[in-house]
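Visitor: Sequence below, structure please.
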Amino acid sequence: MVNSRGSRQLGRRAQAAERGGVTEFLALRLGSEIYGVPLTHVREILVAPPLTQVPRAPHDVLGIINVRGHLVTVIDLKRRLGLPDLEPPRKGRVLLVPGPEGELLGLSVDEVLQVYRLSESEIEPAGVLGGNVAEHVAGIGRRDGALLILLSPRALLGGAA
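Guide: Got it, this is the predicted structure:
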């Protein structure tokens, strides 16, 4: 878990990197694919805590968790993206991200990998994938032979971020 001081340091570092033409992305694994979300949108990373299920919640909502006295809705990012859920994650994490109207949301991911610092020349626009690209993909990052599917937090969370 990243403490509040660590969260502030992550945020400052990410904002400074964006100003210099470099954007930092948190790489995460969903199934067999590697995705990236802008580091500026990640407030905290938690080891997957116990969930309380909510009756009649949407399919992609896993439940709610208590984070220091605040209830946080946890969304299964694989379900939100329409990816198959073949096996339970062994290194599952919850990313705390800003949601609509200032709400804090949790995104359940299989594994958090590392932070990639990508320059503008290392990011291809989503249009290179063809005409039928999902709206949640912001682009493709390329670094040292690795491909990173870059997600748009705004599209993922319905206008938030």
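Visitor: Can you tell me the centre-most residue of this structure?
Guide: Among the residues of the chain, the one closest to the centroid is Val37, at 4.6 Å (C-alpha atoms, centre = their mean).
Visitor: Identify the residues contacting that residue.
Guide: Val37 makes contact with Phe25, Leu26, Leu28, Leu95, Val97, Leu107, Leu150, Leu151, Pro153, according to C-beta atoms under 8 Å, 6 or more residues apart in numbering. Just so you know, the C-beta spots here come from the backbone N, C-alpha and C atoms, and that holds for glycine as well.
Visitor: mind putting these in JSON lines, neighbour count included?
Guide: Below are these laid out as JSON lines (neighbours: other C-beta atoms under 10 Å):
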{"residue": "Phe25", "neighbour count": "26"}
{"residue": "Leu26", "neighbour count": "22"}
{"residue": "Leu28", "neighbour count": "24"}
{"residue": "Leu95", "neighbour count": "22"}
{"residue": "Val97", "neighbour count": "23"}
{"residue": "Leu107", "neighbour count": "25"}
{"residue": "Leu150", "neighbour count": "24"}
{"residue": "Leu151", "neighbour count": "25"}
{"residue": "Pro153", "neighbour count": "20"}
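Visitor: So which of those are in strands?
Guide: Among those, DSSP state E puts Phe25, Leu26, Leu28, Leu95, Val97, Leu107, Leu150, Leu151 in strands.
Visitor: from memory the third one sits against Leu39, does it?
Guide: No. No contact is recorded between Leu28 and Leu39 when judged using C-beta atoms under 8 Å, the distance being 11.3 Å.
Visitor: Val47 contacts Leu95, doesn't it?
Guide: No. Using C-beta under 8 Å, Val47 is not in contact with Leu95; the gap is 11.6 Å.
Visitor: what ranges of the chain fall below the confidence cut-off?
Guide: Under the criterion pLDDT under 70, the flagged ranges of the chain are 1-20, 127-134, 159-161.
Visitor: same thing but 80
Guide: Scanning the chain for pLDDT under 80 picks out 1-20, 85-90, 126-135, 144, 158-161.
Visitor: could you pull out the helices for it?
Guide: 4-19, 77-81, 153-156 (DSSP state H).
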